[in-house]
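1. Sharing a model that was predicted from the sequence below.
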Amino acid sequence: MTDQKTGLRRILITGSSSGIGAALARRLAGPDVSILVHARRNRDGAERVAADLRAAGAQVETAFGDLGDAGVPGRLVETAVAAFGGLDAVVANAGWADRADLLSSSDETLAVAHTGIAGSFVALARASLPHLEAGSGGRIVAVSAFGAHVFRPGVMAFPVTAAAKAALETHVRSLAFSLAARGITVNAVAPGFIEKEKGTSSALTEENRQAIVSAIPMARLGTADEVAAVIAFLLSKDAAYVTGQVIHVAGGLVI
């Protein structure tokens, strides 16, 4: 059951084998907390995160699968509910960045981005809703990106996935409106340029890193834990009256 004093305790975090998802899982971990760690195929990363969470006292399950596959979102929810006895919060963090030119991208590339980023968010929300309603003040948080907002010289663009993230943010607002009366909040966090873990892929090269940093008012990249801190707030009881928002964690990088 949900701990009424400390808040939400049974949490599904997609894309949590590294980066922001892993940082969030580690930040939330503790006794009486249950977390489902998901990865598309990074089993080694997922198991490392799971070990850290268990060391902090959390109950942990791992699950794998491509969220672009129709049955995966529902299966993740089923796995969490079967393991934890319910579900209090869903964090849709899994995603990727695609720098390909929009007009030269294939219809398949566009469809994969929209299905894997925006469509899977709706599928997760649909599957988790009965379980969130059964608790007290469920939470849904999506991880978007600055790319849906910032288009200007000197800032790297991600046209294909930016469009999918923009759709994701629209879904967030729509769901927030429809679920508010049920006490379920729905929000998004839009990170800026964030430092990647060693050994994971990055859209930044050493050649363009300095140019990107110079375009950020705070003159540095953000950290995964800084983004995770904002998500953790949105999952908390303190954020009970915050819904339908897109909160930027981007060091002053604005439209």
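-> Nice, thanks for sending it over. Residues are numbered from 1 along each chain as shown.
2. which parts of stretch 189-201 are buried?
-> Within stretch 189-201, the residues that count as buried by 16 or more other CB atoms under 10 Å are 189-194. Glycine gets a C-beta too; all of them are placed from N, C-alpha and C.
3. try stretch 167-180
-> 167-169, 171-173, 175-176, 179.
4. Tell me which residues touch residue 70, please.
-> residue 123 (CB atoms under 8 Å, 6 or more residues apart in numbering).
5. Residue 172 too?
-> Residue 172 sits in contact with 121, 140, 142, 144, 186-188, 244, 246, where contact means CB under 8 Å, 6+ apart.
6. Looking at the buried residues of stretch 189-201, which is nearest residue 107?
-> residue 190 (26.5 Å; CB to CB).
7. Am I right that the closest one is in a helix?
-> No: Residue 190 is assigned strand when assessed by DSSP: H, G, I helix; E, B strand; the rest coil, not a helix.
8. What sits closest to it if chain neighbours are left out?
-> Residue nearest to residue 190 in three dimensions, not counting chain neighbours: residue 144, with 4.3 Å by CB to CB, 6 or more residues apart in numbering.
9. what's the answer for residue 247, then?
-> residue 189 (5.2 Å).
10. isn't the one you found right up against residue 227?
-> Yes: at 6.2 Å, residue 189 counts as touching residue 227 under the criterion of CB atoms under 8 Å.
11. who touches both of these two?
-> Common neighbours of residue 189 and residue 227 (CB under 8 Å, 6+ apart) are 143, 249.
12. neighbours around residue 156, how many?
-> 16 (other CB atoms under 10 Å).
13. what about the helices in the stretch 51-200 of the chain?
-> Here the stretch 51-200 of the chain has its helices, by DSSP state H, counting those that start in this stretch, at 72-84, 107-113, 120-134, 159-179.
14. And the pLDDT at the residue nearest to residue 247?
-> Looking at residue 189, its pLDDT reads 98.
15. which regions of the stretch 51-200 of the chain sit below the pLDDT cut-off?
-> The stretch 51-200 of the chain contains residues with pLDDT under 70 at 199-200.
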